[in-house]
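# predicted coordinates and the sequence they were generated for:
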Amino acid sequence: MATQIPRVPHLVGTNKIVRLEDIYDNIGDICGISKLTDAPPEGAETASIRSLVSNGTIRRATVKLANGKIRTVYMTAANCPKVGALETLEYQTGLTIKTAYFSERVTLG
């Protein structure tokens with residue numbers, strides 16, 4: 001059975017705290033997300049992933065890894081143009097990102 005990656009507090013942007021998987025060591029600068037290692041900054045508030053996605057603070061980016069698996073990475077709205085910079089970075093130990101993009105659904109009425 002596969003082991004799950006633990007969820008730890010991360011700082012999204014400068015003022016939102018959310019619990020995310022601990023994968024943002026190598027890609028956190030590009031995504032605008034950093035792991036909280038000490039006390040949170042003054043005025044930071046906690047939020048859920050769903051609320052941050054719905055109000056547009058963060059977006060879900062899809063990454064394809066070198067072993068063929070597909071994963072979801074969260075990025076701040078300000079850092080969305082940098083999604084291509086995720087390619088060739090290390091997702092986890094030994095897993096390299098081959099492609100990174102935003103998947104869009106189009107609903108025709």
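Received it, and whenever you're ready, just let me know what you need.
# by mean pLDDT, flag the weakest helix or strand of this structure.
The least trusted helix or strand in the chain, going by mean pLDDT, DSSP states H and E, turns out to be strand 90-92, with a mean of 86.
# next one: that one to chain centre, how far?
12 Å (CA atoms, centre = their mean, to the nearest Å).
# from the contact counts, what lies against that strand?
strand 95-101 (3 or more CB pairs under 8 Å, 6 or more residues apart in numbering; DSSP states H and E). For glycine as for every other residue, the C-beta is placed from the backbone atoms N, C-alpha and C.
# partner strands of the strand it packs on, with direction?
strand 58-65 (antiparallel), strand 90-92 (antiparallel) (DSSP bridges).
# including mean neighbour count and distance to Glu104, could these go into CSV?
Formatted as CSV, the strands paired with strand 95-101 follow (neighbours: other CB atoms under 10 Å; distance: least, CB to CB, whole Å):
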stretch, mean neighbour count, distance to Glu104
strand 58-65, 18, 10
strand 90-92, 18, 22
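# for Arg19, the count of nearby residues, please.
15 (other CB atoms under 10 Å).
# max-length helix in the protein?
helix 49-54 (DSSP state H).
# poorly predicted segments of this structure, please.
Within the chain, the stretches with pLDDT under 70 are 1-2, 106-109.
# do you know how far Lys98 is from Glu104?
Here Lys98 is placed at a distance of 19 Å from Glu104 (CB to CB, to the nearest Å).
# same question for Asn26.
Asn26 is 26 Å from Glu104, by CB to CB.
# what about these two, which has more around it?
Taking other CB under 10 Å, Asn26 and Glu104 do not tie; Asn26 has more neighbours (14 against 5).
# do I have it right that the more buried one meets Thr88?
No: with contact taken as CB atoms under 8 Å, Asn26 and Thr88 are classed as non-touching, separated by 10.8 Å.
# residues touching the residue positioned nearest the centre of the chain, list them.
Nearest to the geometric centre of the chain sits Tyr74, at 2.5 Å (CA atoms, centre = their mean). Residues near Tyr74 by CB atoms under 8 Å, 6 or more residues apart in numbering: Val12, Leu20, Cys31, Ile33, Ile49, Val53, Ile58, Arg59, Arg60, Ala61.
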